[in-house]
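Asks: sequence? don't have it. structure:
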């Protein structure tokens, strides 16, 4: 292992001062970063441990939640207000990883976890533009069963692996940041990038910028929400496709909807097009089908992952059916 | 009868059952006309009891030393760098930066490795243990993507791991064959397994198939599988002068010692291989390049070496199961009698091993038919040598055979259990030998009853529970009885009445030491705690491969032979003052801590008394098991019926196995607890094979892309339902203890049972493993 320094940040200001140095990475639970360091993918010279900072979950004035970036996944999933007001988030978290990992993993770290593309992980035997910009991509024509069907580029077809983030995408979360230039907020759906020509740049974070909290705006509809994950075994596998959804139905009409997909793109995928089709229409299987078709209209299959297009559609339809009570 | 009379009689009855009978000596061989092992009649002894594993307390306390846990002064730690292309040569090599890294003791490459012979490849000679026969770091040639190209020794594992990344290598690539289709286009060759062609024709199967009124003729495919024992391969190695000591994780200590002697040009007796505890082997813990490299580096550095492969290292250096493409055709009469069975196909292997995946083996003995055509063809790929993995041949072969039988049942409109009964052979259909013991119809009957098979709706897709389609499937499981030549054991009886068994056998977690302690105690009339079982050491007698599910029989036959020698010796020592005076060995047996006359148990003397009077502290004998002639006279196989219930999600195609039952006919079961674990473990591995296991071998580069348990899926707890196992416990009169091996049969038939249940649930026939959800959408 390449030697690195480790320091525990006393507070956010302290973290940002140290975290801005070149070659420095923040570390939360370390459940992804330490693996990547062991595998030789990440080589930080310095680690600033921020896992002790901002571990609170506070109710905001409007009835939303402000979740500290250091909150453990387990604590967030089992929080009473999360389970009652935002069940989609709770369900998404427990659908991911294992109990042990969720006990360590933090909210901030979960947002910044990296893809599971096997070519990205093979630093000696495969080419990867995300690992080595400009090197080429061996996944485009290789094993790409778990790869993207939406928003990919010739440079990168990797997916974002998080479950929690799919719920956050649906819930219009806001990310609180602090860096050398001060504090700012960013809509969660703008945090992650599509790969385009630079898949190595995965978020809009400035160098040294730290995620301090995630804010969930009040959203009464979110009390009526769920998460469904489809994967290759019953537990401890990344999503092939997942759907986070919240629905407000009144007298058979869809008053409002939030829908996001996981396992399909380089970022947690907010299904804006599907929402557009659904909003204000009478709930029906035909409508759900039309919404799913609209969202997946531009989906592009690779060698191994064509099934994901149909799987995403079916899962969207099933989840909307469950939430609306309008089933086939 | 008065109450007092009744009580008296009852008391006498109890007393009568308490009076033990001596256990007579077992025959030294199981030839025709010979009598069976008397232990097959013991119904009240230790045989079959669910004794907890004797190594359990040590393991849960962390006190059982595994291969990578032997402490040594001055130990160095090894890390291995792997090639990144499948074929070519090393064009440039710069180790200077690695050598200068902190803690580095040695960087070994082909330039400075000691001169060694190639590994003798498995099955090329009696004690050959090598996974391949390539030169080990002797030249600049690259033969597979992942081949070791350099080894670093350092003071800590972390230093070695880091320094390995500083080795600068460039390669000159040569054209490689890494695509199965391309390899097939270059031609196929008849597979040779242990010297004989994997090819057999009886009658004219193609003509009989063409003429048959009902036929199934389809292709099944199975992918590569990688070995994933919970303990990755490891060895702690030291040279003591010219003698080599290897603490290995091994299922072949004697074979490994002989092979390492061969490689380094020293005598077998100069190589001491120990392997007291092994965290699973499944066919993979033989000799691979890591032990050779570790020993070479230890020699070069003059220091002991620990080489513990990373999980990735296991995927790159230790062979797995190769892929198969199998044609399975059955022609049947309208009544369901099989006229022709054709099982042919192709599996890739390499030029540097000898392992054509023998997928036709189960088909040779399963069903009656007059016409057979069996053929395993091989193609050659530039890849890591493939090898044995739990039930090589049968595991993937029964997927094809037993799926096809199910397809035939559908074509005939017959119940699949009934169809199998209709085709039950009277003798082995391809070698004409009588079966030593075959009660598969009984296993099916009891299994079906217990599982509730009669509740199955034969119409596919007709049972639904919300989104889930529910179905039941069944398949035959089978694995042969083997007993390899070379078994031998040493028995030592001490004056305190204790017995030590010593044999170069293996305990990889399956319960060998426990079951054999039970058997030995029963034979000699001892208590469990009076018997100790020493194993896992090449200096002990015998060459007892823990493979082919043959250890139980091999150890059993060896102990029987040694018992004869020991009893003869004891009768001599007993002399004329003993109650045993004048008795022959065949007149006595083990009972209550000593020997007794078989038909006159009152003539008894304890072992302690015999030794004491003879003024001997101990008496010991070594004896060899007779050659395994029983398999020349009988077709010897274990059998089972696998019942499976699945739920298939109609939206997503997800499969959940909701119930599973294995009903086995494996002869006598020696330990109900460890046997149940063996069966269940095999079935779980079979569920993995059915639904998720697949090595992603990138056919462009020959590189394994998922060398990690995160990306290579095996079942997690949630994937495994309650698994019920049961057995006939009908002793095989021609096997020691009446027992046939049980280590591998559990994985066989599972793939087909799952696939057949999925067909029943959905009407979809999946002929390509693993059955992932996309195939069911």
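Replies: That came through fine. Quick caveat, the model's predicted, so the values are computed rather than measured. Numbering: from 1, shown residues only, chains lettered A, B, ... in the order given.

Asks: what helices or strands is the longest helix seen in chain A leaning on?
Replies: For chain A, the longest helix by residue count, based on DSSP state H, is helix A:307-324. The contact analysis (3 or more C-beta pairs under 8 Å, 6 or more residues apart in numbering or on different chains; DSSP states H and E) places helix A:307-324 against strand A:225-230, strand A:241-250, strand A:253-262, helix A:285-296. From N, CA and C alone the C-beta is placed, and that goes for glycine too.

Asks: Recalculate using a threshold of 6 Å.
Replies: strand A:225-230, strand A:241-250, helix A:285-296 (3 or more C-beta pairs under 6 Å, 6 or more residues apart in numbering or on different chains; DSSP states H and E).

Asks: With chain B as the reference, name the closest of the ones you listed.
Replies: Of all those, strand A:225-230 sits nearest to chain B, with 4.7 Å by C-beta to the nearest C-beta.

Asks: burial measure for the residue nearest to residue B:320 when sequence neighbours are not counted, as a count.
Replies: Distances taken as C-beta to C-beta, 6 or more residues apart in numbering or on different chains put residue B:226 closest to residue B:320, at 4.1 Å, once the chain neighbours are dropped. Counted by other C-beta atoms under 10 Å in any protein chain shown, the residues lying close to residue B:226 total 26.

Asks: same question, residue A:294
Replies: As a burial measure, residue A:294 scores 17 neighbours (other C-beta under 10 Å).

Asks: In this model residue A:271 seems to touch it, though I could be wrong.
Replies: No: Residue A:294 is beyond contact range of residue A:271, at 8.8 Å (criterion: C-beta atoms under 6 Å).

Asks: domains in the chain, as residue ranges please.
Replies: Using chain A here. When chain A is parsed with automatic domain parsing, its domains come out as A:5-51, A:220-324.

Asks: Chain B was what I was after
Replies: If you go by automatic domain parsing, chain B breaks into B:22-51+B:484-627, B:67-175+B:230-280+B:285-317, B:196-224+B:321-482+B:632-776.

Asks: Point out the most buried one among these.
Replies: Comparing these by mean neighbour count (mean count of other C-beta atoms under 10 Å in any protein chain shown), domain B:196-224+B:321-482+B:632-776 ranks first with a mean of 22.

Asks: close to chain A, is it?
Replies: Yes: counting by C-beta under 6 Å from any C-beta of the partner chain, chain A is contacted by domain B:196-224+B:321-482+B:632-776 at B:651-652, B:692, B:696, B:698, B:703, B:705-706, B:711, B:713, B:716, B:718-719, B:774.

Asks: start to end distance for that domain?
Replies: Criterion C-alpha to C-alpha, to the nearest Å; first-to-last residue distance in domain B:196-224+B:321-482+B:632-776 is 40 Å.

Asks: residues in contact with the nearest residue in space to residue B:638 that is not next to it in sequence?
Replies: Nearest non-adjacent residue to residue B:638, counting by C-beta to C-beta, 6+ apart: residue B:666, 4.1 Å away. By C-beta atoms under 6 Å, 6 or more residues apart in numbering or on different chains, the residues touching residue B:666 are B:638, B:740, B:742.

Asks: picking that back up, can you tell me which of the domains of chain A is most buried?
Replies: Sort these by mean neighbour count, taking mean count of other C-beta under 10 Å, and domain A:220-324 sits at the top with a mean of 21.

Asks: how about residue B:158, secondary structure?
Replies: For residue B:158, the assignment made with DSSP: H, G, I helix; E, B strand; the rest coil gives helix.

Asks: quick one: it and residue B:431, what's the gap?
Replies: 56 Å (C-beta to C-beta, to the nearest Å).

Asks: for the closest residue to residue B:776 other than its chain neighbours, phi and psi?
Replies: Nearest non-adjacent residue to residue B:776, counting by C-beta to C-beta, 6+ apart: residue B:653, 3.6 Å away. Phi and psi for residue B:653, reported as degrees, to the nearest 10, are phi 80, psi 0.

Asks: Could you do residue B:78 as well?
Replies: According to degrees, to the nearest 10, residue B:78 has phi -110, psi 150.

Asks: what do you get for residue B:129?
Replies: Main-chain dihedrals, residue B:129, degrees, to the nearest 10: phi -130, psi 0.

Asks: before we move on, the earlier item: now the longest helix of chain A: how far from the chain's centre is it?
Replies: Its chain's average C-alpha position is 19 Å from that of helix A:307-324, according to C-alpha atoms, centre = their mean, to the nearest Å.

Asks: Same check on stretch B:70-83?
Replies: The answer for stretch B:70-83 is 29 Å, by C-alpha atoms, centre = their mean.

Asks: Okay, and the beta partners of residue B:80?
Replies: Beta bridges link residue B:80 to residue B:151 when assigned by DSSP bridges.

Asks: What's the separation between it and residue B:163?
Replies: From residue B:80 to residue B:163 the distance is 12 Å (C-beta to C-beta).

Asks: Could you check the helices and strands packed on helix A:307-324 and tell me which one is nearest residue A:264?
Replies: Closest approach to residue A:264 among those (C-beta to C-beta): strand A:241-250, 6.2 Å.

Asks: Do you know the pLDDT at the residue nearest to residue B:320?
Replies: We have a pLDDT of 98 for residue B:226.

Asks: One more: the one 3 residues further on?
Replies: Confidence at residue B:229, expressed as pLDDT, is 98.

Asks: element containing the residue in the stretch 51-200 of chain B positioned nearest to chain A, please.
Replies: Closest approach of the stretch 51-200 of chain B to chain A (C-beta to the nearest C-beta) occurs at residue B:84, with a separation of 4.3 Å. Here residue B:84 is covered by no helix or strand, with elements defined by DSSP states H and E.

Asks: The closest residue in space to it that isn't next to it in sequence: neighbouring residues, count only.
Replies: Nearest residue to residue B:84, sequence neighbours excluded (C-beta to C-beta, 6+ apart): residue A:125, at 4.3 Å. Using other C-beta under 10 Å, residue A:125 has 22 other residues around it.

Asks: I'd like the distance between residue A:125 and residue B:704.
Replies: 9 Å.

Asks: so what's the residue in the stretch 501-650 of chain B that chain A sits nearest to bridging to?
Replies: Residue nearest to chain A within the stretch 501-650 of chain B (C-beta to the nearest C-beta): residue B:649, separated by 8.5 Å. Beta-bridge pairing for residue B:649 (DSSP bridges): residue B:468.

Asks: and the residue of the stretch 401-550 of chain B found nearest chain A, what pLDDT?
Replies: Per C-beta to the nearest C-beta, the residue of the stretch 401-550 of chain B with the smallest distance to chain A is residue B:467, at 7.3 Å. Listed pLDDT for residue B:467 reads 97.

Asks: Tell me where the stretch 251-400 of chain B has strands.
Replies: B:271-274, B:305-308, B:324-332, B:338-349, B:371-380 (DSSP state E, counting those that start in this stretch).

Asks: Next: the stretch 1-150 of chain A.
Replies: A:5-8, A:24-27, A:46-49, A:57-59, A:65-68.

Asks: mean confidence score for the first one?
Replies: Strand A:5-8 comes out with an average pLDDT of 97.

Asks: quick one: that strand to chain centroid distance?
Replies: From the chain centre to the centre of strand A:5-8 is a distance of 27 Å (C-alpha atoms, centre = their mean).

Asks: What is it packed up against?
Replies: strand A:46-49.

Asks: Quick check: neighbours of the strand it packs on in the sheet, parallel or antiparallel?
Replies: Pairing partners of strand A:46-49, with direction, according to DSSP bridges: strand A:5-8 (parallel), strand A:24-27 (parallel).

Asks: and for the first one, what are the contacting residues?
Replies: Strand A:5-8 is contacted from outside by A:46, A:47, A:48, A:49, using C-beta under 6 Å, 6+ apart.

Asks: between those, which is nearest chain B?
Replies: For the contacts of strand A:5-8, the nearest to chain B is residue A:47 (16.0 Å; C-beta to the nearest C-beta).
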